[in-house]
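A.B. asks: Sharing a model prediction with you, sequence too.
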Amino acid sequence: MNGTPPALRPEDEPDVERVLWQALNTPEIRAALRRHGSAGGAAAERLRARALAERTGIATAAAPEYAAYLRQRTAGAPGVRTPSAPAGARGLLPALAVLAPVLAAAATAVFLLLGSVLGLGRAGRELGDALLTAGQTAAVITAVTTACGVVWLLSTAARHRTPAPPSATPGTASATPGTAEARETWRRALLERGVLPYLRAELRRTEPSRTASSGRRPRLGYTSPDFAGPALPDERG
């Protein structure tokens, strides 16, 4: 690995916000906020807004732990995906499941009807028998395609009802214990080395001066040293 820390990913920013919320509610930070005149009001909200604006820089303090968390999360994610049918094939299969039985049923009706009509006359009896045979064949095809379509539709519906196995979605509950542990290690390092030091520095920087907090006006000017005027000559009697 090179020395460049990994950039904070958008899906991990909610974790940074939760760590910031945890830090703002520590006794140390709440006591410092009370010295600013508010333990959970405007001062806390201003401090939170400043920290969120600097969250990318704050997160670099826990860059090694974050890099380890990203590696663990990538290793825990499913790496082999089951090949799926192309989009065109996925759209064609349902259409065939519906159209094949319909077309076969229509062909059955046409063949049987024409075969019955032609079989009434002597001249067309041979052709009528052939059409009746074709109609019977089409009827068998209709039954088979209808049964296959029903089975396919039922299996598809059952597959869609089956919940997907949990995966290592970034920013959510981790799929493996190793990923969860790496995430917790990163959040702890972010709290101790990133968020809390930033909040302490900001609170020290904006801490009211003692003179302002005491309500006394500062004393201006200076004190001149004592001195006496030139000695007068002794008066002669």
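C.D. replies: Now that the structure is in, tell me what you want to look at.

A.B. asks: where's Pro101 relative to Leu112, distance?
C.D. replies: Per CB to CB, to the nearest Å, Pro101 is found 16 Å from Leu112. Placement of C-beta: from N, CA and C, glycine included.

A.B. asks: sorry, that was for Ala7
C.D. replies: Counting by CB to CB, the separation of Ala7 from Leu112 is 71 Å.

A.B. asks: still on that earlier bit, more crowded one of Pro101 and Leu112?
C.D. replies: The neighbour count for Pro101 versus Leu112, taken as other CB atoms under 10 Å, is higher for Pro101 (20 against 17).

A.B. asks: in what helix or strand does the more buried one lie?
C.D. replies: helix 87-118 (DSSP states H and E).

A.B. asks: Report all helices and strands that the top helix by length along the chain contacts.
C.D. replies: Within the chain, and with DSSP state H defining each element, the longest helix by residue count is helix 125-161. Packing partners of helix 125-161 (3 or more CB pairs under 8 Å, 6 or more residues apart in numbering; DSSP states H and E): helix 87-118.

A.B. asks: Over to stretch 46-64 now: how far is its first residue from its last?
C.D. replies: One end of stretch 46-64 to the other measures 29 Å (CA to CA, to the nearest Å).

A.B. asks: Report the buried residues of that stretch.
C.D. replies: 47-48, 51, 55, 58-59, 61-63 (16 or more other CB atoms under 10 Å).

A.B. asks: Need the residues that contact it.
C.D. replies: Stretch 46-64 is contacted by residues 5-8, 13, 16-17, 20-21, 24, 33, 66, 186, 189-190, 193-195, 197-199, 202-203 when judged by CB atoms under 8 Å, 6 or more residues apart in numbering.

A.B. asks: circling back to that earlier point, want to throw the buried residues of stretch 46-64 into CSV with pLDDT?
C.D. replies: Below are these laid out as CSV (pLDDT from 0 to 100):
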residue, pLDDT
Leu47, 90
Arg48, 92
Ala51, 94
Arg55, 93
Ile58, 95
Ala59, 95
Ala61, 95
Ala62, 95
Ala63, 96
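
A.B. asks: helices and strands around the helix or strand hosting Pro14, which ones?
C.D. replies: Per DSSP H and E, Pro14 falls inside helix 13-24. For helix 13-24, the elements it packs on are helix 42-53, helix 55-59, helix 177-189, helix 196-205, judged by 3+ CB pairs under 8 Å, 6+ apart.
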